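S.K.: sharing a model prediction with you, sequence too.
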Amino acid sequence: MVIEDLYPSRTEPTAQWIDRQDPVVYAQGKPTDVLTQEQIESFDRDGFLIIDKVFSQSEIDEFNEEFERLGSDPILSAKEEFIKEPDSQIVRSIFAAHKFSDKYEALTNDPRIRAKVDYLLDDKTYIHQARINAKPGFKGKEFYWHSDFETWHVEDGMPRMRAISCLITMTENKSYNGSLMLMPGSHKKFVTCVGQTPDDHYKDSLRKQEYGVPDQESLQRYYDENGILVAECPPGSVILFDCNTMHGSNGNITPLPRRNIFFVFNAESNKLEEPFGGTKPRPDFIAHR
């Protein structure tokens, strides 16, 4: 069966703007005690929700210790799932972290996050992607502006916008140490990207993204319409953001490291098809099938 591509990208010489064809809050109007009405409306309007101090400092300490344990293991850190900074051997990301750690595996099912996501998506969910993103002090590189859905659609075959990223802050996230930046309301439009995707693009894009990023004119329009919110949060906070929300983060030249857990929850009804960009599927550790 041929799946209709509602969000074609990387096919035209210039960027195209497409109205969102999917709901943001799939359970709109259904009663719940896992989110307040104000929180639901905020997520629907802005495309994200920030909740401070969901996890205790002692829990966060354990998650940080686990990251250090995994990153310092010479056998594990040589695996493809362990992404290094472009100009050093410092671990930038650990993908599929829940496959290497019982602590992270248990966290994927923690009701403090899972119940909220399942409500917003109004479906049973599974982990599409799990990773720990680290920006060490002085040398942490930026993550350029992007919509996750554009890449997940083109390179992984995610059909619709029915996925949510959950970020858990493992350190203090300040405006000056590379904290997450989001463009409120940007999730309501899908902007296409330009350029044909090379084979095995993921091997370079996980270190430095060059394809699947919006052009500067589109980013200027997004900014003019939406502005930028810098998500400054204490450790243990949770940021939920829609798969199509435009986001990025600056490099970290401060002494203060920044580290966050990312879990991406996808609706079971939205399971991956063949990549819409015509490339071979990316490895399972990036897009679980």
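M.R.: Sure, I can see it.
S.K.: OK, contacts around G157?
M.R.: When contacts are counted by CB atoms under 8 Å, 6 or more residues apart in numbering, G157 is found next to L272, E273, E274, P275, F276, P281, A287. Glycine gets a C-beta too; all of them are placed from N, C-alpha and C.
S.K.: do you know how far I94 is from E273?
M.R.: In this view, I94 and E273 are 27 Å apart by CB to CB, to the nearest Å.
S.K.: more neighbours, those two?
M.R.: Legend: neighbour count by other CB atoms under 10 Å for I94 and E273, higher for I94 (28 against 17).
S.K.: and the gap between the more buried one and G236?
M.R.: Relative to G236, and taking CB to CB, I94 is found at 19 Å.
S.K.: in this structure D22 contacts P159, no?
M.R.: No - if you go by CB atoms under 8 Å, D22 and P159 don't touch, sitting 9.6 Å apart.
S.K.: immediately after the helix or strand bottoming out on mean pLDDT in the chain, which helix or strand?
M.R.: None of the helices or strands of the chain scores lower by mean pLDDT, DSSP states H and E than helix 202-205, at a mean of 53. Where DSSP states H and E defines the elements, the next helix or strand beyond helix 202-205 is helix 216-226.
S.K.: list the buried residues for that following helix?
M.R.: By neighbour count on 16 or more other CB atoms under 10 Å, the buried set for helix 216-226 is S218, L219, R221, Y222, N226.
S.K.: now, among the residues you listed, which is nearest to M246?
M.R.: Y222 (5.6 Å; CB to CB).
S.K.: so where's this protein shaky on pLDDT?
M.R.: 1-2, 198-211 (pLDDT under 70).
S.K.: in a helix, that's where K103 is, yeah?
M.R.: Yes - secondary structure of K103 (DSSP: H, G, I helix; E, B strand; the rest coil): part of a helix.
S.K.: how many other residues sit next to it?
M.R.: So K103, with other CB under 10 Å, has 16 neighbours.
S.K.: now it, nearest residue through space, not along the chain?
M.R.: Distances taken as CB to CB, 6 or more residues apart in numbering place E66 nearest to K103, at 5.0 Å, with adjacent residues excluded.
S.K.: list the contacts of that neighbour.
M.R.: S101, K103, Y104 are the contacts of E66 under CB under 8 Å, 6+ apart.
S.K.: mind doing that once more with 10 Å?
M.R.: I94, A97, F100, S101, D102, K103, Y104, L107, I132, M170, I261 (CB atoms under 10 Å, 6 or more residues apart in numbering).
S.K.: ok, back up a step: between the buried residues of helix 216-226, which sits nearest R45?
M.R.: N226 (10.9 Å).
S.K.: burial count for P111?
M.R.: 9.
S.K.: that one against D118, yeah?
M.R.: Yes - at 9.4 Å, P111 counts as touching D118 under the criterion of CB atoms under 10 Å.
S.K.: for P214, which non-adjacent residue is spatially closest?
M.R.: When the adjacent residues along the chain are set aside, P214 lies closest to V191, with 5.3 Å between them (CB to CB, 6+ apart).
S.K.: how about the contacts of E66 in JSON lines, adding distance to K53?
M.R.: As requested, these are exported to JSON lines (distance: CB to CB, whole Å):
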{"residue": "I94", "distance to K53": "24"}
{"residue": "A97", "distance to K53": "22"}
{"residue": "F100", "distance to K53": "27"}
{"residue": "S101", "distance to K53": "23"}
{"residue": "D102", "distance to K53": "24"}
{"residue": "K103", "distance to K53": "19"}
{"residue": "Y104", "distance to K53": "20"}
{"residue": "L107", "distance to K53": "16"}
{"residue": "I132", "distance to K53": "20"}
{"residue": "M170", "distance to K53": "13"}
{"residue": "I261", "distance to K53": "15"}
